[in-house]
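**Q** need the 3D shape of this:
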Amino acid sequence: MHLLQTGDASSADVRWRHGVRQRLSPRVRELLHLAPPVGYSPDFLTPTAGEASLDMGIGALLSTPGRQLRRDAAELAAASVPLPEPLRPLADGDSAAVEHLALCLQEYFQTAVAPFWIRIQSRFAAERAAHVRLLTDLDPGRALAALHPCLSIYRCWSCRSPRRSCRNCCWV
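**A** Take a look at the predicted model:
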C-alpha cells in the first residue's frame, strides 16, 4: 500500500501502480488512509500471524483486541491522518468495522497482489538465492555489507578487525 502512494519507483512499479490505482474500488481506497506512504501505520494492519498467509493475517486482524484498535487509531490521528467515515468505528473497536476492513484487505490483495504473486515469489526467490550465494562464496562480513552498508561483524571500524580491539589502530 505504501508503494501504491509514492512516486519513487522503477518503471515496472510505475506500470503496476497505475494499473492498480485504476482498478481499486472506492472502499479499498479507504485503506490508503490507514497506511500513509510516510509515517505511522497501525500495527493491526501487520499482524505477525500474517507472515504465514493472508488468511492467517486476516484472522489475526479479526481477533485484534478493541484496546489495540483504539490505541492504533489514536496514534494514527495524532499523526494528523484522519480516518475516512467508514473506518472511524475502528477507533471504537467496532466489530463490523473490523470485518469491513478485513474485506477491504482481501479485495486489495486480489486487486494489487494476487495477479502478480508468481512474479513476486520468483523475485524473492532470486533475491534469497543471491544472498545465499553471498554467504557461501564470501566471508560473512561482505555478505552483511551487501544487505546494508551499516551491517558488519567487525568490531574495529578502523581496520575492520574482527577482534574487539586490535593492536594496529585501536587503544587496548
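**Q** show me where this structure has helices.
**A** 11-23, 26-29, 31-34, 54-62, 66-78, 95-108, 117-137, 140-147 (DSSP state H).
**Q** so which of the ones you listed gets nearest P89?
**A** helix 95-108 (3.7 Å; C-beta to C-beta). Every C-beta, even on glycine, is put in place using the N, C-alpha and C of the backbone.
**Q** for D72, which non-adjacent residue is spatially closest?
**A** Closest residue to D72 apart from its sequence neighbours, by C-beta to C-beta, 6 or more residues apart in numbering: P42 at 3.7 Å.
**Q** so the one you found makes contact with P36?
**A** No: assessed by C-beta atoms under 8 Å, P42 is found out of contact with P36, at 10.6 Å.
**Q** which one of those two has more residues nearby?
**A** Using other C-beta atoms under 10 Å as the criterion, P42 and P36 rank with P42 on top: 21 against 16.
**Q** show me the contacts for that one.
**A** Taking C-beta atoms under 8 Å, 6 or more residues apart in numbering as the criterion, P42 is in contact with 34, 72-73, 75-76.
**Q** ranking the helices of the chain by burial, who's on top?
**A** helix 31-34 (a mean of 19; mean count of other C-beta atoms under 10 Å).
**Q** give me the mean pLDDT for that helix.
**A** Per-region confidence: helix 31-34 scores 86 on mean pLDDT.
**Q** from the contact counts, what lies against that helix?
**A** Under the contact definition 3 or more C-beta pairs under 8 Å, 6 or more residues apart in numbering; DSSP states H and E, helix 31-34 sits against helix 95-108.
**Q** could you dump the helices of the chain to a markdown table with distance to T46?
**A** Output for the helices of the chain, formatted as a markdown table (distance: least, C-beta to C-beta, whole Å):
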| stretch | distance to T46 |
| --- | --- |
| helix 11-23 | 19 |
| helix 26-29 | 17 |
| helix 31-34 | 11 |
| helix 54-62 | 8 |
| helix 66-78 | 11 |
| helix 95-108 | 11 |
| helix 117-137 | 17 |
| helix 140-147 | 21 |
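**Q** compare those and say which comes out lowest on pLDDT.
**A** What stands lowest among these, in mean pLDDT terms, is helix 140-147, with a mean of 72.
**Q** gap between the most centrally placed residue in the chain and A97?
**A** By C-alpha atoms, centre = their mean, the mean C-alpha position of the chain lies nearest to T46, the distance being 7.5 Å. Separation of T46 from A97 (C-beta to C-beta, to the nearest Å) stands at 18 Å.
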